[in-house]
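Asker: Dropping the sequence and predicted coords here.
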Amino acid sequence: MSIKYTVNKFINEENNKLVGLECTNGTGTSFIIDKRIPLVDGTSDAIYVQKAYDLSREEINEWVTSSSVTGMVFNPEDSTLSGAD
């Protein structure tokens, strides 16, 4: 399943950068997660986002797993799941 990652927060807070990621799957379902990354002189914006993603990866993977059947159709006659109609 393909996930699109959109930065929805990028704010300096005292000694941290607050980075928010909106993760959207192919069915349009979203998961939003924020991480605080310590500010370091010379760190690029992309590195802050990469660090936020790295710290969020486990929670994102849990969301992907838990939503993997959302939108699928269950057939109780043969206990199968299929794509949405």
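Answerer: It's in. Owing to the predicted nature of the structure, the values given are computational and were not obtained by experimental measurement.

Asker: just so I have it, where are all the strands in this protein?
Answerer: 4-13, 16-24, 30-38, 73-75, 80-82 (DSSP state E).

Asker: With distance to Tyr48, mean pLDDT and mean neighbour count as extra columns, can I get the ones you listed in CSV?
Answerer: (C-beta placed from N, C-alpha, C; glycine too.) CSV is the format used below for the strands of the chain (distance: least, Cβ to Cβ, whole Å; pLDDT from 0 to 100; neighbours: other Cβ atoms under 10 Å):
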stretch, distance to Tyr48, mean pLDDT, mean neighbour count
strand 4-13, 7, 97, 12
strand 16-24, 5, 97, 18
strand 30-38, 5, 97, 15
strand 73-75, 41, 90, 10
strand 80-82, 39, 89, 10
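
Asker: For those strands, could you give me TSV that also reports distance to Val49?
Answerer: Shown next, in TSV, are the strands of the chain (distance: least, Cβ to Cβ, whole Å):
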stretch	distance to Val49
strand 4-13	6
strand 16-24	6
strand 30-38	9
strand 73-75	36
strand 80-82	34
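
Asker: Between these, which one is closest to Trp63.
Answerer: For Trp63, the closest of those is strand 30-38, at 4.3 Å, according to Cβ to Cβ.

Asker: Let me know which of the strands of the chain is the nearest to Lys51.
Answerer: Among these, strand 30-38 sits nearest to Lys51 (Cβ to Cβ), with 4.9 Å.

Asker: Quick check: neighbours of the closest one in the sheet, parallel or antiparallel?
Answerer: Note on strand 30-38: by DSSP bridges, its sheet partners are strand 16-24 (antiparallel).

Asker: Neighbours of Ser67, how many?
Answerer: Ser67 has 15 neighbours, counted by other Cβ atoms under 10 Å.

Asker: So what sits opposite Lys9 in the bridge?
Answerer: Applying DSSP bridges to Lys9, the residues it is bridged with are Gly20.
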